[in-house]
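[1] Pasting the sequence and the predicted model now:
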Protein chains: 2
Amino acid sequence: MAITIRDVAEAAGVSVATVSRVANGSTNDYPVRPQTRERVLEAIVRLGYRPNDNARRLLQKRSGLIGILVPDISNPYYPEVARGIEDVASANGFTVMFCSTDRLPEKAASYIEALLLKRVDGLVVVGGGDEIQLSESSVATYGTKVVFIGRPSKAFSTVRIDNIGAARDATEHLLGLGHTRIGFIAAGTSSTTVTERRRGYVQAIEAAGGAVDEDLIVDGDFSEAVGHAAALRLLRLPDPPTAIFAANDRMALGAMAAVADLGLAVPGDVALVGFDDVPMSAFLRPSLTTVSVAAQELGVRAMEALVKDINGDGRPGRRRIRVATRLVVRDSCGASARQARGRASEASPAV
Amino acid sequence: MAITIRDVAEAAGVSVATVSRVANGSTNDYPVRPQTRERVLEAIVRLGYRPNDNARRLLQKRSGLIGILVPDISNPYYPEVARGIEDVASANGFTVMFCSTDRLPEKAASYIEALLLKRVDGLVVVGGGDEIQLSESSVATYGTKVVFIGRPSKAFSTVRIDNIGAARDATEHLLGLGHTRIGFIAAGTSSTTVTERRRGYVQAIEAAGGAVDEDLIVDGDFSEAVGHAAALRLLRLPDPPTAIFAANDRMALGAMAAVADLGLAVPGDVALVGFDDVPMSAFLRPSLTTVSVAAQELGVRAMEALVKDINGDGRPGRRRIRVATRLVVRDSCGASARQARGRASEASPAV
DNA sequence: TTGTAAGCGTTATCAT
DNA sequence: ATGATAACGCTTACAA
């Protein structure tokens, strides 16, 4: 039904081999007489011919495909990571397939299966938790190279941030501001990202000689709604926290709303710190103090490692790549309280 | 190098045809003796065999692939649309390839080319502007079915919202609240989405007997940063607007920050209305009044149309599908000013 | 410089 | 119920 290489060959009066040679002119500098090349090119354009990628990939070892598995496409953090991956992938001639598991085991499994079926050359698994089951052997069968971002693994290469250290820093920052009761809004227990951030939180408190009050740690997922509910619960405690550390920015936004809904102020009544530094966070008012993770860089580093593994002729290196984080101190934590206070009081008389 | 159907056949002591039959047991109820099937299945599992999708697709007419082109993956609106597409795509056995053009013509062109090369069965183009050049003929060559979401087309099916009407409603809402000077933060001129929203804004003002002040219309892209800058410019005008209508929620967030940065209050000094109703908007304080567009439904409807076109045996219908929008009145416009005021004053005495 | 032909890994058609 | 074998559309030795 569609235009094939044979149609072009016939139209140009040459063999299919010649057509193939000029069609791949970019990657292949096989000698073809200019005049012939011209004729073939003309036929290609006239007929609108495009080589069938399936056929082409069939006899090459590579599919040229990279699969990306993210837990939740609606979290603005993941698109940033994806962009980093995407940039270096396309720079290296790979096409990216982006799949969101919604943290559902069945969806994750079916995507992994589909990607393996498609013989992706590489697989990037970003975050997520137990829902993702990826055996080393299943991936090894077809030599698929794998790299994890933000999740641990003994078997595969990983690109990670120091969640524990970053969370400890954030918590210490709050501690340093004089807070002793600091709430922590976690996000499930399945994801190591969160358990690590939680550990950092605990470490900081214990290092400061404090005792961890389990009432101050409340579970969530990663959404605004749950952050809102969690903060509400925290703030209605008999002895509520004076600061809240949320495991991600979206939940921090929810928490910020909860504080306002209770007639309280950030950071005056409740100091707030998030995690991720998604684009919106700088534009909240008060602007959100948060841990900046250079999401795009995570993607870049991961894909760079993948490209090396794919092009490399042996078994993949089990790389352990670390990307630095940075606590971005803005207004929500109260460290710059004077300025924030100033702004707020300016606002009051107006209307 | 990898396990092929022949390896399995040999291991199980059967022909490749038999292996193929049991490997496709799900879609194919060809009779195979249970005992034989068992043996083959065992070999498949033991060897970790997975049929090569390229080879398989090569002799079927369909690729089973759907391409999605979005302008900007970091805008939380698009992932919602993508999820709608994704859901019905996978329910119908299609795999989705998600591509973000970043509004760059070269990126768009190269993605389109790659998707056509891959013989995607369907292509969903979401939003975007001039950067996307898609000729009817290039797509027709391989029978690729196309549907546009939120962008007009004579040639292809479209799923759209009534941008003009929705923007008019939003503006009229502001007008009804007593505002006469209403700023509009646009977002480039290339996207019809924005030109239409702008037209609705203009229509509402003119219908109310007002004159459109070009100074009150300021250009932007779709980001928070630009919304912030645009609002700043608007509010520093000699005769600043008392209300601002932003062409999307991210810019509205930026505008909200700008208002606060000038020591003013939303909605007291400046009423604010956005467009999209992304998840965050309900959790801003004041919560953002915005036009809810049911992004997911857009995706669902588009993909449903695509599935019909792909399965349908003829040329695709040029469908014109409309999805309703709804103005979600929250606090930022001041319509529920009393409550909002109440909350704010509760907040003041606290610390 | 160009053409011929042998695969690539499947599925589908036809025998058996 | 099972097995040969011919495609599918392409690239690439190898021949010419």
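    That came through, no problem. The structure displayed is predicted, hence computed values, not measured ones.
[2] Give the closest residue to A:Ile205 in space, chain neighbours not counted.
    Nearest in space to A:Ile205, with sequence neighbours left out and distances taken as CB to CB, 6 or more residues apart in numbering or on different chains, is A:Val212 at 5.4 Å. Heads up, the C-betas are built off the backbone N, CA and C, glycines and all.
[3] quick one: what helix or strand has the closest residue to A:Asn163 other than its chain neighbours in it?
    Of all residues not flanking A:Asn163 in the chain, A:Glu196 sits nearest, at 3.6 Å (CB to CB, 6+ apart). If you go by DSSP states H and E, A:Glu196 is part of helix A:192-207.
[4] buried residues in that helix?
    For helix A:192-207, a neighbour-count test (16 or more other CB atoms under 10 Å in any protein chain shown) marks A:192-198, A:200-205 as buried.
[5] Count residues in the vicinity of the residue nearest to A:Ile205, would you?
    Close neighbours of A:Val212, defined as other CB atoms under 10 Å in any protein chain shown, add up to 16.
[6] show me what contacts it?
    A:202, A:205-206 (CB atoms under 8 Å, 6 or more residues apart in numbering or on different chains).
[7] Kindly recompute the last result at 10 Å.
    A:Val212 makes contact with A:182, A:184, A:198, A:201-206, according to CB atoms under 10 Å, 6 or more residues apart in numbering or on different chains.
[8] do A:Asp309 as well
    Taking CB under 10 Å, 6+ apart as the definition of contact, the neighbours of A:Asp309 are A:121-122, A:143-147, A:156-157, A:315-319.
[9] and what of A:Asp277?
    A:77, A:80, A:249, A:288-295, A:325-328, A:330.
[10] So which of those sit within helices?
    When DSSP state H is applied, the contacts of A:Asp277 are split such that A:77, A:80, A:249, A:295 fall in helices.
[11] Show me which of the contacts of A:Asp277 are buried.
    Buried residues within the contacts of A:Asp277, counting neighbours by 16+ other CB under 10 Å: A:77, A:80, A:249, A:288-295, A:325, A:327-328, A:330.
[12] pLDDT score assigned to the nearest residue to A:Lys118 once chain neighbours are set aside?
    Residue nearest to A:Lys118 in three dimensions, not counting chain neighbours: B:Asp53, with 4.8 Å by CB to CB, 6+ apart. Model confidence at B:Asp53, expressed as pLDDT, equals 89.
[13] Could I get the contacting residues of the closest residue in space to A:Asp215 that isn't next to it in sequence?
    Counting by CB to CB, 6+ apart, A:Leu237 is the residue found nearest to A:Asp215 once chain neighbours are left out, at 6.1 Å. The contact partners of A:Leu237, by CB under 10 Å, 6+ apart, come to A:181, A:183, A:213, A:215-216, A:218.
[14] Which of the residues you listed fall within strands?
    In strands, defined here by DSSP state E, the members of the contacts of A:Leu237 are A:183, A:218.
[15] Can you tell me which of the contacts of A:Leu237 is nearest A:Ala282?
    Nearest to A:Ala282 among the contacts of A:Leu237 is A:Gly183, at 23.0 Å by CB to CB.
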